[in-house]
Every structure is written in structure tokens, then in C-alpha cells.
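1. Can you look at this prediction? I've put the sequence above it.
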Amino acid sequence: MPRESVIRRGLRRWANHERDEARELRRTNQEQGVTAICDTPRRQRVVVQGTLRTVTLRPRGGVPALEAELYDGSGVLTLIWLGRRRISGIYPGRFIKAEGRIGGQSRMPVMFNPRYELRA
């Protein structure tokens, strides 16, 4: 029987970790009564929470804009703070709770200038 390669074993471990993280995030959100990203209605105020995957500076129309990708185990939401180059405490891997109105931008849900709370 052929042995499993080191790369394949590492990929399998990574996939299992991702699946476990997603399951834990969904469970936490259900317990706290927070809306899952996959269930967020457009143009309505919602509260979501999850882990920031990426944080980048992307100017929009000559104005600085801090853009972060929020993942909650069910989907991804882009958070955009207009006029900001950085926000203390906002970095990849951070768990946050965000509140605001969901809009759409090329099928991706987007929340502009959300209120947020840094979570432990």
C-alpha cells in the first residue's frame, strides 16, 4: 500500500482545521443569536460576527478605504471603512462583531462603515 505524501497529509490536516473552525464559528453565532452571513438580507440592518481573514488598504475614487474580509463559517462579507487607512485592533485573525446595512457589489455582500466591537 503506498504511503501518503507529506504534502497530501498537510493539506488534509489544513482542510480538517478549516472545517472545524467553520463549525465552531457557526455554533458560536447560533448561540449568540447573530445572523449568519449566508442568511443576511440585502439593504437591511444586521449584526454579524466572525474572523477577519484579510485587511487591505484599497483607495476608492481617490479616498482611502480600509477593506476587511469577515468569515463566519457560512460565508464571507466585505467590510469597508471609507476615509480610513488603518484602525487599531483591525487585523487578520481578529474576531469582531459588526453591525450595519448589507449592500451588494458584484454579488458579494458588502457593509460600508460598520459599527464594530472587537471580541476576545
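-> Yes, it's here.

2. Show me what the longest strand seen in the chain is packed against.
-> Longest strand in the chain, counting residues (DSSP state E): strand 45-57. Judged by 3 or more C-beta pairs under 8 Å, 6 or more residues apart in numbering; DSSP states H and E, strand 45-57 is in contact with helix 6-32, strand 65-71, strand 76-82, strand 95-105. Backbone N, C-alpha and C define where each C-beta goes, glycine included.

3. residues contacting M108?
-> 76, 78 (C-beta atoms under 8 Å, 6 or more residues apart in numbering).

4. On the strand side of things, show who it bridges to.
-> Q105 (DSSP bridges).

5. Format the helices and strands packed on strand 45-57 as JSON lines; extra columns: mean pLDDT and distance to R43.
-> JSON lines is the format used below for the helices and strands packed on strand 45-57 (pLDDT from 0 to 100; distance: least, C-beta to C-beta, whole Å):
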{"stretch": "helix 6-32", "mean pLDDT": "79", "distance to R43": "21"}
{"stretch": "strand 65-71", "mean pLDDT": "96", "distance to R43": "18"}
{"stretch": "strand 76-82", "mean pLDDT": "95", "distance to R43": "14"}
{"stretch": "strand 95-105", "mean pLDDT": "90", "distance to R43": "6"}
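
6. Distance from the longest strand of the chain to the middle of the chain?
-> Strand 45-57 has its C-alpha centroid displaced from the chain centroid by 4 Å (C-alpha atoms, centre = their mean, to the nearest Å).

7. swap in stretch 61-74?
-> Chain-centre distance of stretch 61-74: 9 Å, with C-alpha atoms, centre = their mean.

8. neighbouring contacts of that stretch?
-> Against stretch 61-74 from outside (C-beta under 8 Å, 6+ apart): 21-26, 29, 34, 36-39, 48-59, 76-87, 90, 96, 98.

9. ok, of these, which come out buried?
-> 22, 25-26, 29, 34, 36-37, 48-52, 55, 77-81, 90, 96, 98 (16 or more other C-beta atoms under 10 Å).

10. Give me the neighbour count for V46.
-> V46: 21 surrounding residues under other C-beta atoms under 10 Å.

11. Show me what the spatially most central residue of the chain is bridged to.
-> Nearest residue to the geometric centre of the chain (C-alpha atoms, centre = their mean): L70, 1.0 Å. Listed beta-bridge partners, L70: L52, L77 (assigned using DSSP bridges).
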